[in-house]
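*Asks:* Got a sequence here, can you model it:
(chains A, B, C and D)
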There are 2 protein chains.
Amino acid sequence: MSSIRDVARLAGVSHQTVSRVINEHPSVREGTRQRVLDAIAQLDYRPNVAARALVTNSLNLIGVLSATTGEFGATSSLTAIEEAARAAGYSVTTLNLPDVSADSIHAAVRQLQNERVDGLIALAPQARVSHVLAGMRADIPIVTLQTASGATAETLSADQVAGARLATEHLISLGHRDVVHLAGPQDWVEAESRMQGYLDAMLDADISPFPPVRGDWTADFGHTAGVELAHRGDMTAVFVANDVMAIGLIHGFRDMGLEVPRDVSVVSFDDIPVAAHVTPALTTVHQDFQALGRRALLLLLAEIRGETPPVLEPAHPRLIVRDSTATPHTVTQP
Amino acid sequence: MSSIRDVARLAGVSHQTVSRVINEHPSVREGTRQRVLDAIAQLDYRPNVAARALVTNSLNLIGVLSATTGEFGATSSLTAIEEAARAAGYSVTTLNLPDVSADSIHAAVRQLQNERVDGLIALAPQARVSHVLAGMRADIPIVTLQTASGATAETLSADQVAGARLATEHLISLGHRDVVHLAGPQDWVEAESRMQGYLDAMLDADISPFPPVRGDWTADFGHTAGVELAHRGDMTAVFVANDVMAIGLIHGFRDMGLEVPRDVSVVSFDDIPVAAHVTPALTTVHQDFQALGRRALLLLLAEIRGETPPVLEPAHPRLIVRDSTATPHTVTQP
DNA sequence: CAGTGGGATGTGAACGTGCACAATGGCACG
DNA sequence: CGTGCCATTGTGCACGTTCACATCCCACTG
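*Replies:* From the prediction side, this is the model:
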């Protein structure tokens, strides 16, 4: 493996000049630059990141702390982060939390700091993760993709409330008044935001909201909830906090003889790839997870470089109307 | 930030002794070891990976080259790889291919080599990716998770053929003879393996197989295929190469008035989390993607260390029978 | 023509670690 | 008591890069 000095020797310059060429320093004469570039190509020289990191004290590395079990959203955001980071000259290392205990969060952050990351993006939707992180005073910049509150919250994920509102208002405008919310787990930021949007929309329409049912995002839970809600029978529509639970819910309804949207309307959140193809096709709120990831990275890079973070206008979610919602009792009314 | 010499000074030893403690060299007296450990704790000292990498010429880093668009399987494998790698003292960096052209593969591998990865796992199911990689003669160990052929192929992914066979035989044992295969894209290793399993099972049962329909893994395509196959109407069952396409296919059938499994049976592959909850619940072949990831990592680590790779017995896939399959014409026969 | 400024290039040190080798000390053995 | 061995510890250097500073040269100015 050839070093910067080998290149220098071949090009007939000093190692420092080679370094200047590599780092695109302006004051290198064009002719010299070319000779150096030729030498680099000829030797297939590649800068040693370790040596550079040793002296600049930065590996140009960002860490992604993730606490989601292969969900669609997180995966999309991660891909976007990785792509954007590499475009900015950073590489990315991922670390999956085995659980969301304070201990494992501490261990994970410590681990990433040992790996000398320049900054950290937490792809961890649980509120407690952001709380633990906020309380840690790690000496590196940290951006949480889903923030419980504070300045960055709005730029990154305020759209959640608006999206949930959109979904609920859609049901109300169809004529539903007895709308139940099947929520996500208490600890999750998105769960809270989506519930907030539900409550806002209900109260604005002067309907007293039901106490929400707490779910856990899984289709299994959705199924159980479907069976239970079918027994209760006191609602004509359900706003579900994510698509996967909605699929389970519809399954549960069907097991109990309820058809969607004939007997109950269902609207959910995420627009996962199969949402248009399950039966019935899901009316759902589409989220741009990739944009979310890119935003998080922009914020982090700004923090790393000590710049003032860019002002980002929140991305607005879209409601995609498909077949899982209808006016109440369309079939039984005529 | 304190260095190894600061620790040495505080503990009253030489930097080399500290280095020995860090690297768990046996010949350090217990008392000395404790003093050093105390000093490390007191200073919150962390070894500088860059400096270490500079002298050992290894960052303890493995790269994952991925060419999948957030699919369930790849994501699960990736998580498992990351976890196993970190347990072995390696960190992981991911690189997503924008496309599978030879150029972008070259660029990606080059990029990862510039980042000084010790080895590379390709999570790239397209046959051409493994071919390009095989032809590259990169000077680092590379393990392809889905290998087209060769020695590692069997240990890693031979189960695909067996799984497809299982699925097809299930249909045959139910009494189906007109079984169509909705396959994956021609270029994908899994697609070929699954088709092979289908063909094997059909021929073993003395049934002449249909020419397979080529899909692209997406639910959208599944839907189109469903509409088309419903028109043809010459089959009683379909073996679909993955769950997501199966969901689309069932949707397409339903649009054309065909019910699954009443009119057509469907069996697919992967057992994604919603498979049990869509309507009808999918009969499908379960794959242990995590185990696959862990195997790949074991192989890679062995290559990196120059050891002989461990002999792994192939993991056998399981058929999960749910509601999308039945005997032919159960409803119309009585 | 001398003086000055700045672009282009070179020199030497430093970053924090591991390795090779040297040095020290204690113990067993004859 | 001398010898040799081994466990334990220390010394100096090298890894490949960037940074601070020095030097050179040329063009421009008055």
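*Asks:* I'd like the next helix or strand past the worst-scoring helix or strand of chain A on mean pLDDT.
*Replies:* The weakest-scoring helix or strand in chain A, judged by mean pLDDT, DSSP states H and E, is helix A:151-157 (a mean of 50). Remark: after helix A:151-157, the chain's next helix or strand is helix A:159-173, criterion DSSP states H and E.
*Asks:* Give me the helices and strands touching that following helix, please.
*Replies:* With contacts taken as 3 or more Cβ pairs under 8 Å, 6 or more residues apart in numbering or on different chains; DSSP states H and E, helix A:159-173 sits against strand A:179-183, helix A:189-204, strand A:237-240, strand A:265-270, strand A:283-286, strand A:318-320. Heads up, the C-betas are built off the backbone N, CA and C, glycines and all.
*Asks:* at 7 Å instead, please
*Replies:* helix A:189-204, strand A:237-240, strand A:265-270, strand A:283-286, strand A:318-320 (3 or more Cβ pairs under 7 Å, 6 or more residues apart in numbering or on different chains; DSSP states H and E).
*Asks:* Centre of the chain to that helix, how far?
*Replies:* For helix A:159-173, the separation from the chain centroid amounts to 20 Å (computed by Cα atoms, centre = their mean, to the nearest Å).
*Asks:* How much space separates the residue nearest to residue A:285 when sequence neighbours are not counted from DNA strand D?
*Replies:* Counting by Cβ to Cβ, 6 or more residues apart in numbering or on different chains, residue A:163 is the residue found nearest to residue A:285 once chain neighbours are left out, at 4.2 Å. Here residue A:163 is placed at a distance of 44 Å from DNA strand D (Cβ to the nearest atom of the strand, to the nearest Å).
*Asks:* quick one, which of the helices and strands packed on helix A:159-173 is packed in tightest?
*Replies:* Mean neighbour counts were compared across the helices and strands packed on helix A:159-173 using mean count of other Cβ atoms under 10 Å in any protein chain shown; the top stretch is strand A:237-240, at a mean of 30.
*Asks:* Whatever helix or strand comes next after that strand packs against which elements?
*Replies:* Sequence-wise, the next helix or strand downstream of strand A:237-240 (DSSP H and E) is helix A:243-255. If contacts are counted by 3+ Cβ pairs under 7 Å, 6+ apart, helix A:243-255 sits against helix A:219-232, strand A:237-240, strand A:265-270.
*Asks:* tell me which residues in stretch A:65-77 are buried?
*Replies:* Judged by neighbour count using 16 or more other Cβ atoms under 10 Å in any protein chain shown, the buried positions of stretch A:65-77 are A:65, A:66, A:67, A:68, A:70, A:71, A:72, A:73, A:74, A:75, A:76, A:77.
*Asks:* same deal with stretch A:42-56?
*Replies:* Of the residues in stretch A:42-56, those buried by neighbour count under the rule 16+ other Cβ under 10 Å are A:43, A:45, A:47, A:48, A:49, A:50, A:51, A:52, A:53, A:54.
*Asks:* Endpoint to endpoint, it covers what distance?
*Replies:* End-to-end distance of stretch A:42-56: 27 Å, with Cα to Cα, to the nearest Å as the criterion.
*Asks:* Quick one: mean pLDDT over stretch A:209-218.
*Replies:* For stretch A:209-218, mean pLDDT rounds to 94.
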